[in-house]
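# Here's my sequence, what's the structure:
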Amino acid sequence: MANTAQNLDLARLNIADPGFWEDDGFLPLFERLRREEPVHYCPDSAYGPYWSVTRYEDILAVDTNHQAFSSASEHGGIIIHDAFAFHMGPYVLEGMITMDPPSHSVHRNAVSGIVARPNLEHFEKIIRERTASVLDNLPVNETFDWAQAVSIELTTQMLATLFDFPLEDRRRLARWSDVSTTEPGLGIIADEAERRREIKECLFYFTKLWRERKDKTGGLDLVSMLAQNQSTSGMQPMNFLGNVLVLIVGGNDTTRNSMSAMVDLFHRFPDQLEKLRQDPSLIENSVSEIIRWQTPISHMRRTAVADAVISGREIKKGDKVVMWYISGNRDEAVFDNAEAFRIDRENARRHLSFGMGIHRCMGRRLAELQLKILLEAVLERWRRIEIAGTPERIKSNFIHGFHKMPVRIVS
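Reported below is the predicted structural model:
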């Protein structure tokens with residue numbers, strides 16, 4: 001792929017082509033774009049024409065300028081393939097992440113208390129108990145799927161707690177997350193009609209919970225917060241659904257795929273695992289480096305609502321602009337030897353994986369806490385977890401993660 005990257009005509013490059021995303025084949029392409037054409041225009045693709053922003057500082061400039069670069073669903077939303085702005089009949093899905101101020105702040109503020117420090121302290125005990133229970137029931141010296149048995153299991157349990165969602169149905173949350181962010185034909189859904197059918201099921205399920213809780217008081221879950229807050233209690237169904245899906249995806253994909261990446265990275269870089277064993281104080285920094293290196297959300301999209309200039313390139317009003325976080329997190333101008341996984345990297349926390357500006361991930365501290373607790377628990381129990389087969393990656397230019405990860409715990 002390195003030779004292919006060097007020989008490709010950049011004028012014809014569509015870096016968002018899912019074919020590049022099956023086995024991290026995009027990495028040398030982004031390295032070349034950062035070096036030769038950091039703000040790159042693709043005139044023709046399945047997503048229409050779009051700009052790619054690939055350097056750290058340029059991404060930061062776009063992400064923190066919501067006056068010129070809109071996230072709103074009316075302009076197409078926050079994913080290159082418009083998944084978070086799809087239509088259900090005459091209605092357009094709209095959640096807080098696909099809103100601009102002032103609406104964005106109103107909806108975000110309604111639920112932000114769920115991750116306030118006192119609640120994180122409360123969740124910590126729950127997370128530790130559940131993590132111990134899941135790990136203590138794993139087979140040793142046998143091959144099993146870490147993505148299913150650990151990553152998805154722990155994240156769906158946490159999501160169920162955040163929504164006060166029936167625990168027995170928790171796997172439906174992961175499914176709705178996958179369905180809402182994928183492109184048709186890539187292994188999750190066949191077409192947009194299937195997406196709409198499944199997302200309607202999500203709406204019906206959560207509407208039932210909304211009705212049960214809207215006239216109560218003091219609910220400390222996300223549904224109750226939305227239903228009982230004066231600013232959001234009158235939301236239209238598509239607005240409610242949009243917020244629910246944003247919260248599901250935000251609580252699912254970053255944490256789940258970082259949990260799988262953790263095992264993958266320490267298998268591939270055993271020297272870093274040994275370094276961590278010698279100095280456990282590096283656990284929190286290790287979590288940041290895992291999230292930087294993996295970058296579970298590969299990109300965010302904006303639409304220019306005014307003419308702008310990025311690194312000398314003229315962006316016109318109405319242009320689609322894609323911020324490739326996964327490229328910015330490997331920008332050598334910010335991260336020395338960026339392709340290396342180094343748990344003692346001094347600026348690992350500067351990663352872009354949670355976004356920047358007004359849309360920065362609300363639950364980032366909770367995600368870090370879950371990863372920290374999992375890493376601590378793994379280190380307490382076993383010397384090594386080996387990759388026992390070829391991991392199956394998610395075929396997506398948006399979610400950078402794993403469907404399956406066969407592993408073996410070595411006793």
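
# nearest residue to W51 other than its sequence neighbours?
V321 (4.7 Å; Cβ to Cβ, 6 or more residues apart in numbering). (Each C-beta comes from the backbone N, C-alpha and C, glycine too.)

# So that neighbour: helix, strand or coil?
Classification of V321 using DSSP: H, G, I helix; E, B strand; the rest coil returns strand.

# Report the separation between V223 and E192.
Look at V223 and E192: by Cβ to Cβ, to the nearest Å, they are 27 Å apart.

# So for those two, which sits in the more crowded spot?
V223 (25 against 14; other Cβ atoms under 10 Å).

# residue contacts, that one?
The neighbourhood of V223, defined by Cβ atoms under 8 Å, 6 or more residues apart in numbering, consists of F163, D164, F206, L209, W210, R213, V244.

# Which one (most neighbours) among those residues?
Of all the contacts of V223, the highest neighbour tally under other Cβ under 10 Å goes to V244, namely 26 neighbours.

# who's in contact with the one helix or strand S327 maps to?
Here S327, judged by DSSP states H and E, is contained in helix 325-328. Helix 325-328 has contacts (Cβ under 8 Å, 6+ apart) with 26, 30, 33-34, 54-56, 59-60, 295, 297-300, 334, 352-353, 355, 400.

# how about the next helix or strand after it: buried residues?
Under the assignment DSSP H and E, the closest C-terminal helix or strand after helix 325-328 is helix 364-381. Within helix 364-381, the residues that count as buried by 16 or more other Cβ atoms under 10 Å are 364, 366-375, 377-378.

# got it, and stretch 323-332?
Neighbour count says stretch 323-332 has M323, W324, Y325, I326, S327, G328, N329, R330, D331 buried, by 16+ other Cβ under 10 Å.

# Not counting sequence-adjacent ones, nearest residue to S103?
Among residues not flanking S103 along the chain, M96 sits closest, at 7.9 Å (Cβ to Cβ, 6+ apart).

# just the helices in the stretch 51-200 of the chain please.
When secondary structure is read from DSSP state H, counting those that start in this stretch, the stretch 51-200 of the chain shows helices at 56-63, 103-111, 117-136, 146, 153-163, 171-181, 192-213.

# Pick the most buried one from those helices.
Ranked by mean neighbour count, the helices of the stretch 51-200 of the chain are led by helix 146 with a mean of 26 (mean count of other Cβ atoms under 10 Å).

# Just give me how far that one sits from the chain centre.
Relative to the centre of its chain, helix 146 is centred 18 Å away, using Cα atoms, centre = their mean, to the nearest Å.

# likewise stretch 386-394?
Chain-centre distance of stretch 386-394: 20 Å, with Cα atoms, centre = their mean.

# ok, now stretch 143-153?
For stretch 143-153, the distance to the chain centre is 18 Å (Cα atoms, centre = their mean).

# same thing with stretch 254-264?
That offset, for stretch 254-264, works out to 11 Å (Cα atoms, centre = their mean).

# what's the answer for stretch 206-222, then?
26 Å.

# now do stretch 343-357
With Cα atoms, centre = their mean, you get 14 Å for stretch 343-357.

# Select, out of the helices of the stretch 51-200 of the chain, the one closest to E284.
helix 117-136 (13.6 Å; Cβ to Cβ).

# hmm, who's touching the closest one?
113, 149-150, 153-154, 157-158, 161, 220, 365-366, 369-370, 373-374, 377-378, 381.

# and the helix or strand hosting I291, what's its mean pLDDT?
Here I291 sits within helix 283-294, counting by DSSP H and E. In this model, helix 283-294 has an average pLDDT of 98.

# what helices or strands is the very next helix or strand once past that helix leaning on?
Next helix or strand after helix 283-294 toward the C-terminus (DSSP H and E): strand 299-304. Contacts defined by 3 or more Cβ pairs under 8 Å, 6 or more residues apart in numbering; DSSP states H and E place strand 299-304 against helix 56-63, strand 69-70, strand 320-324, helix 325-328.
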